[in-house]
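Trainee: Coordinates for the following, if possible.
(one chain, ligands or ions: 3)
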Amino acid sequence: GQWLGLLGGGQLGRMFCMAAQSMGYRVLVLDPVANGPAGSVADDQILADYMDDQGLARLAQRCVGVTTEFENVPALALDNLSKSIPVSPSAFSVGVAQNRLEEKAYISACGVPVAPHAAIRKSADIDDSLAYLLPGIVKTARLGYDGKGQVRVKTLDEVRKAFSDLNEVECVLEKRLTLQKEMSVIVARDHKGECATFPVAENHHRKGILATTIVPARIDDAMAAQARANAISIAGALDYVGVLCVEFFVVDELGLVVNEIAPRPHNSGHYSIDACVTCQFEQQARILAGLPLGDTRQHSPAVMVNLLGDLWYGEDGSENEPAWEKVLAIPEVKLHLYGKEQARVGRKMGHITVIAETMERALIVAQTVRDILGIGDDDD
Ligand code: ATP
Ligand code: MG
Ligand code: MG
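Mentor: Ligands and ions are numbered 1, 2, ... in the order given. Predicted coordinates for the structure are as follows:
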C-alpha cells in the first residue's frame, strides 16, 4: 500500500492512522516523542523535531502526501515539505489559523461575522477607544488552546494587567458575548474545491475544555444551513485543502458569529466515527490520497462525552482505571481510548459516543454514562 505522512503524534493522529489503515494505506508519523497515541498505531515513525530537515526529507521520500494533526506545527515545516511533496492543509492556511488576528481578518473578509475585537501589540494600544469591547477577553494571538492564554477583563486597567501577565505577546481583546449556544461545523475540501460538511455539532464545555458534543445541534434548519454555508465560504476563501473545523457562537444581537477555526479534524467531530457514513479522519485520508470525498450523512443521533484524566483519580488521589465494564454494558455506548500511558487532570484520554435511536434516548444514556463515571455537569 501507499504511505501517507503525518506530522504530530496525538490522538487526532491516532484516529487518522486507523481510518487510513482501514482503507489499506500505511501511515508514517513524524513526532518528537516516541510511541505517542499516533506513533504507537502508525506503520512506522520518524523520531524528529518538526523543523528537522533530515526527518522531513525522509517523510517526503516515502510518502505520497503529508498532513498534520498538530495545530501548532511550524508553518515553515509545511512550507519546506511542500517543495517536494503535496501537503494539506497548506502552510498558508495553517499559518492563518495560528494567529487569531489573521484568522478573524480572513473570516470577516468573506462576509462571515466574528466577535468585535481589537489587536493589542504594545501597551500604548490600550486606551479609551477600546472601552466598547468591555467586558471582554484578552487572548494571546498565538498558541492558545483549551482556554489557555485567556484572561477575562472588565476595565482597561485589567486589560493592561492581563497584557503584562501574558508577557506582552501579541494579543486580541474580544468583546465578551452572551452565548446562547456554541456549535461547530467540520468541512472537508479536496484539491478540486469540492466540499462536504458534517452536520452541525452543539458543544458544551467544562473549565474551558470541550466536555459534551450533541449532534445534530438543537437549532433550526435555517441556522444549520447558514453555519454549513459559512464553513464552506471560509474553506473556499483560504483555498483550503483538508479537514477544517469552524467554531461558532449563537449570539442574541449578532446571530451566528465565528469564534475560531482549527486546520485539522476536531474533538467536536469525533462523533462522526460512530454516527456518520464517513468520519472526519477518513475524509482527511481520502483528501490526502486524492480520492473522492465520502458521504457525511449521519445515520444516528449522537452524544459524545470526553474522558479527561480526572476520571482516573479517586478523591484520595489514588489512581484507578474507570469502570469501563459498567458503561460498556449499555448497548448504545462506544468507547474510544487513546492509549495514553499517564492520566493527568485535564488531559484528553478518550471519549465515549452514545449512538441511539432518538436524541432523547442519546441524552438520557449520556447522563447515565456521566453518573457511572462520576463526570460532573457541563458549565454551559
Ligand atoms: P479550543 O480548545 O477550542 O481551541 P481556545 O483556547 O482556542 O479553545 P476559544 O475557543 O477562543 O479558546 O475560547 C474558549 C471558550 O471561551 C469558548 O468556547 C467560549 O466558551 C468562551 N469564549 C471565547 N471567546 C468568547 C467571547 N468573545 N465571548 C464569550 N465567550 C467566549
Ligand atoms: Mg482554539
Ligand atoms: Mg475554541
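Trainee: residue boundaries of the helices in the stretch 201-350 of the chain?
Mentor: 221-237, 272-275, 280-289, 324-328 (DSSP state H, counting those that start in this stretch).
Trainee: so what does the last one touch, helix or strand wise?
Mentor: Packing partners of helix 324-328 (3 or more C-beta pairs under 8 Å, 6 or more residues apart in numbering; DSSP states H and E): strand 333-337, helix 359-373. Heads up, the C-betas are built off the backbone N, CA and C, glycines and all.
Trainee: got the buried residues for the first one?
Mentor: Spelled out, it's strand 333-337. V333, K334, H336, L337 (16 or more other C-beta atoms under 10 Å).
Trainee: before we move on, back to that, to N230, which of the helices and strands packed on helix 324-328 lies closest?
Mentor: helix 359-373 (23.7 Å; C-beta to C-beta).
Trainee: and this protein, which residues reach ligand 1?
Mentor: 115, 137, 139, 144-148, 174, 176-177, 179, 182, 205, 208, 247, 259-260 (C-beta under 6 Å from any ligand atom).
Trainee: Surely S84 forms part of a helix?
Mentor: No - with DSSP: H, G, I helix; E, B strand; the rest coil as the criterion, S84 is located in coil rather than a helix.
Trainee: Please export the C-alpha coordinates of the helix or strand of the chain with the lowest mean pLDDT as CSV.
Mentor: When each helix and strand of the chain is scored by mean pLDDT, DSSP states H and E, helix 75-81 comes last, with a mean of 92. These are the backbone C-alpha positions of helix 75-81, laid out as CSV (Å, rounded to 0.1, in the frame of the first residue of the first chain):
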residue,chain,number,x,y,z
ALA,A,75,4.1,26.6,9.1
LEU,A,76,7.6,26.8,7.9
ALA,A,77,8.0,23.0,8.2
LEU,A,78,4.9,22.6,6.0
ASP,A,79,6.2,25.1,3.5
ASN,A,80,9.6,23.3,3.2
LEU,A,81,7.8,19.9,2.8
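Trainee: how far is it from where the chain is centred?
Mentor: 21 Å (C-alpha atoms, centre = their mean, to the nearest Å).
Trainee: Can you point out the buried residues in it?
Mentor: Neighbour-count burial for helix 75-81 [16+ other C-beta under 10 Å]: A75, A77, L78, N80, L81.
Trainee: With stretch 224-243 instead?
Mentor: 224, 226-228, 230-235, 237-238, 240-243.
Trainee: List the contacts of the spatially most central residue of the chain.
Mentor: Nearest to the mean C-alpha position of the chain, counting by C-alpha atoms, centre = their mean, stands H266 at 2.9 Å. H266 makes contact with S184, I186, C245, Q280, according to C-beta atoms under 8 Å, 6 or more residues apart in numbering.
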